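**Q** prediction below, plus the sequence it came from.
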Amino acid sequence: MAVGIVLVSHSEKVTEGLKELLHQVVGEGKIVSAGGDEDGIGTIFERIQAALEEVEGETIVFYDLGSAKMNAEMAIEVAERDDIHLTSAPIVEGAYLAAVESSIGKSLEDIKASLEKEFHIEED
Amino acid sequence: MAVGIVLVSHSEKVTEGLKELLHQVVGEGKIVSAGGDEDGIGTIFERIQAALEEVEGETIVFYDLGSAKMNAEMAIEVAERDDIHLTSAPIVEGAYLAAVESSIGKSLEDIKASLEKEFHIEED
Amino acid sequence: MNLDVQTTIAWIQKLNDKIQSNKDHLTSLDRAIGDGDHGINMARGFQEVSKVIEGAEFSSPSDVLKKVATTVMSKVGGASGPLYGTAFLKMSMANKEETVDGDGLAGMLEEALAGIKQRGKAEKGEKTMVDVWEPVVEAMNEEFDSGRLREVAQSSMEATEELKATKGRAAYLKDRSIGHLDPGSVSSFYLFEAMAEALEESE
Amino acid sequence: MNLDVQTTIAWIQKLNDKIQSNKDHLTSLDRAIGDGDHGINMARGFQEVSKVIEGAEFSSPSDVLKKVATTVMSKVGGASGPLYGTAFLKMSMANKEETVDGDGLAGMLEEALAGIKQRGKAEKGEKTMVDVWEPVVEAMNEEFDSGRLREVAQSSMEATEELKATKGRAAYLKDRSIGHLDPGSVSSFYLFEAMAEALEESE
Ligand SMILES: Nc1ncnc2c1ncn2[C@@H]1O[C@H](COP(=O)(O)OP(=O)(O)O)[C@@H](O)[C@H]1O
Ligand SMILES: Nc1ncnc2c1ncn2[C@@H]1O[C@H](COP(=O)(O)OP(=O)(O)O)[C@@H](O)[C@H]1O
Ligand SMILES: [Mg+2]
Ligand SMILES: [Mg+2]
Ligand SMILES: [Mg+2]
Ligand SMILES: [Mg+2]
């Protein structure tokens, strides 16, 4: 799987479960879960940062709610890499599409285009 | 919370985690998780059926992938109730919106309309 | 070429045998264009079906098929659970006679196909089990014959290799789905093969 | 009215004290229009901030604020984590002098506000902490004064009660958000109140 996937949700169970689901669909592949905070529901910048480091290379990041987005944006800025894309596509459905496309060797650009088409979103 | 929410995903962790997240946002409320199958990733008609029975009253059902949809449709047909709506809105983002609106007393019709607007979908 | 209770049970048991011995084959086909669980789903569900119909008493094929339907719905899971569940349910509703003749069988299969298409919203050519069920129904509507049933099921199953998927995960794979058999079409072939065998042995 | 290392530490410790003793208040405000975790998020994060700056040596206010920023980013979570994290980071970058005077302080706050707005994409009037930060920055740009700082922070915090939310969960609540104080605006008031107290005590 070429493009890595980072899952940022307020719930660690959601990202862990989603990761398992995607692994069953695409087999191996760089899918990293960065969900939850120390008291349960929330997101933590440090976990996202660690996830981005774990993936390396072209990466697409999914988030669930607005505050997860801010933490993800911050982690991406701090990483100072230009091969990471933060998408507003829905986390479960979007990550499924991205995982399948990545597993057949699509590039980050291709996957971005597919997400835009499928979910009627405009990415920057 | 007036309108109940049933979450159907291939992963039990996803629906359980999402349920916890929604409970933190809206407090108490009828949110039932019906995810996974006996071997892990999948959906099982029986669990959805049980979830629908547990909720009672106006209910909105979210699913993740196509086969979850079929199982949900079948369970809804068998239930022979006309107060259940199956939505194609994204499961995490859609259920969040629905939970918030339900918690402030919105009706099933109102929530359907909000989901259509927010996610550019057409519901029947 | 008539279906009675005993033949119906033999059909389903033969189907279960085929599924159990081809579990890995179905799973590896699904790994190529799906999520790799079709063998697991079918084996789990039909194991249960086999157990459930073994001890029970039935008054008609419809009776057996209804039991099969509800067990499949509850235990198979995935897309194939609701699809096969619907198929068996429609068959059980289509004909309630104690012994179903060739025309009756053709009518049952036709109803099952309609149920599958309604449930899955797939049309022929989209690389799903519909690509086996539809040619089979067309052929059996001309004349019900177990030899022809086996033949048409097999050739249309094989023809799914060249189709491009537009449903489910395989749809995202698009052109890459070409060159692989559709797993649900292969399990549907087993269903028809088992039916043909049971009917022939009952003669 | 100058900020040195010691005053900066006093400011942050006072802020932590206020957060710890108002943890339940912040949480119950967030329960009304958010998800009920603002007190928990802030108390967890600033507890850690307090511990981290206690032992350490710093050469400038900028130095202290940078440490606060990275700890807040890592430990607060939620929306307020990245927002306050960004605010403290921008303050630490805006002025690196050993002692920051009134003009320097106004400049720091202005940069922090810009960071919050860029991060959260909120404008004034949307019932967020911006509704406290923006009036404060405007007033301090005229003339930095601790009494005025406290006054403006308090009145603009109180004014959020009448605003309608358009961001985050509260946005879905729309009109129902009216009549409740915005939790992040209340914690922002504590930040400015603590700053005013620390500056006054250092004189
Ligand atoms: N919408 C559909 N209509 C008809 N058949 C379908 C549809 N979706 C899937 N199938 C059939 O089901 C098979 C896959 O079943 P299975 O692997 O058990 O379920 P899942 O796809 O949920 O993992 C496919 O090979 C195909 O024949
Ligand atoms: N986009 C935003 N821009 C500015 N401030 C925001 C924004 N979103 C939330 N806030 C502030 O954060 C506060 C909520 O913080 P907190 O409860 O800790 O995070 P969360 O909303 O993720 O649970 C709100 O009261 C508001 O003042
Ligand atoms: Mg499968
Ligand atoms: Mg499956
Ligand atoms: Mg909150
Ligand atoms: Mg929160």
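**A** Yes, it's here. Residues are numbered from 1 along each chain as shown, chains lettered A, B, ... in the order given. Ligands and ions are numbered 1, 2, ... in the order given.

**Q** for the helix or strand of chain A with the lowest mean pLDDT, packing partners?
**A** Within chain A, no helix or strand scores below helix A:66-79, which has a mean of 86 by mean pLDDT, DSSP states H and E. For helix A:66-79, the packing partners by 3 or more C-beta pairs under 8 Å, 6 or more residues apart in numbering or on different chains; DSSP states H and E come out as strand A:4-8, helix A:45-55, strand A:59-63, strand A:84-87, helix D:80-94, helix D:102-120. C-beta: built from backbone N, CA, C; applies to glycine.

**Q** does the first one reach chain D?
**A** No: using C-beta under 8 Å from any C-beta of the partner chain, strand A:4-8 stays clear of chain D, with a minimum separation of 11.7 Å.

**Q** just checking, what packs against the following helix or strand past that strand?
**A** Using DSSP states H and E, the next helix or strand after strand A:4-8 towards the C-terminus is helix A:12-26. If you count contacts as 3+ C-beta pairs under 8 Å, 6+ apart, helix A:12-26 packs onto strand A:4-8, strand A:31-33, helix A:91-103, helix B:12-26.

**Q** in its sheet, what does the second one sit against?
**A** Partner strands and pairing direction for strand A:31-33 (DSSP bridges) are strand A:4-8 (parallel).

**Q** does the strand it pairs with come close to ligand 2?
**A** No: counting by C-beta under 6 Å from any ligand atom, ligand 2 is not contacted by strand A:4-8; separation bottoms out at 12.5 Å.

**Q** could you dump that strand to PDB, C-alpha only?
**A** Extracted in PDB, the C-alpha atoms of strand A:4-8 (Å, rounded to 0.1, in the frame of the first residue of the first chain):
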ATOM      1  CA  GLY A   4      -0.500   5.800   4.300                       C
ATOM      2  CA  ILE A   5      -3.700   6.600   6.300                       C
ATOM      3  CA  VAL A   6      -3.900   8.300   9.600                       C
ATOM      4  CA  LEU A   7      -7.300   8.100  11.500                       C
ATOM      5  CA  VAL A   8      -8.000  10.900  14.000                       C
END
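
**Q** show me how far the least confident helix or strand of chain A is from its chain's centre.
**A** 12 Å (C-alpha atoms, centre = their mean, to the nearest Å).

**Q** A:H120 and B:E122 touch, don't they?
**A** No: judged on C-beta atoms under 8 Å, A:H120 makes no contact with B:E122 at a distance of 11.9 Å.

**Q** more neighbours: which of these two?
**A** Legend: neighbour count by other C-beta atoms under 10 Å in any protein chain shown for A:H120 and B:E122, higher for A:H120 (11 against 6).

**Q** distance of that one from B:I121?
**A** 9 Å (C-beta to C-beta, to the nearest Å).

**Q** residues from chain C in reach of ligand 3?
**A** C:30, C:34-35, C:37-38 (C-beta under 5 Å from the ion).

**Q** what's the pLDDT at C:A171?
**A** Listed pLDDT for C:A171 reads 64.

**Q** go ahead and confirm C:D4 touches C:E98.
**A** Yes: contact criterion C-beta under 8 Å: C:D4 and C:E98 qualify, at 6.8 Å.

**Q** what's the overlap in contacts for the two?
**A** By C-beta atoms under 8 Å, 6 or more residues apart in numbering or on different chains, C:D4 and C:E98 have these common neighbours: C:P61.

**Q** between these two, tell me which one has more neighbours.
**A** C:D4 (17 against 13).

**Q** what's the closest non-adjacent residue to the more buried one?
**A** Leaving out its chain neighbours, the residue that sits closest to C:D4 by C-beta to C-beta, 6 or more residues apart in numbering or on different chains is C:T99, at 4.8 Å.

**Q** burial measure for residue 78, as a count.
**A** Using chain A here. 15.

**Q** let me rephrase: I mean chain C.
**A** By other C-beta under 10 Å, 31 other residues sit near C:G78.

**Q** again with the one 3 residues further on
**A** One way to gauge burial is a neighbour count; for C:G81, by other C-beta under 10 Å, it gives 27.

**Q** find the nearest non-adjacent residue to C:F88, please.
**A** C:A69 (3.6 Å).

**Q** list the contacts for the one you found?
**A** Going by C-beta under 8 Å, 6+ apart, the list of residues near C:A69 reads C:85-89, C:91-92.

**Q** ok so, going back, would JSON lines of the helices and strands packed on helix A:66-79 with distance to A:M70 and mean pLDDT be doable?
**A** Below are these laid out as JSON lines (distance: least, C-beta to C-beta, whole Å; pLDDT from 0 to 100):
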{"stretch": "strand A:4-8", "distance to A:M70": "10", "mean pLDDT": "96"}
{"stretch": "helix A:45-55", "distance to A:M70": "9", "mean pLDDT": "90"}
{"stretch": "strand A:59-63", "distance to A:M70": "9", "mean pLDDT": "96"}
{"stretch": "strand A:84-87", "distance to A:M70": "10", "mean pLDDT": "96"}
{"stretch": "helix D:80-94", "distance to A:M70": "4", "mean pLDDT": "94"}
{"stretch": "helix D:102-120", "distance to A:M70": "6", "mean pLDDT": "96"}
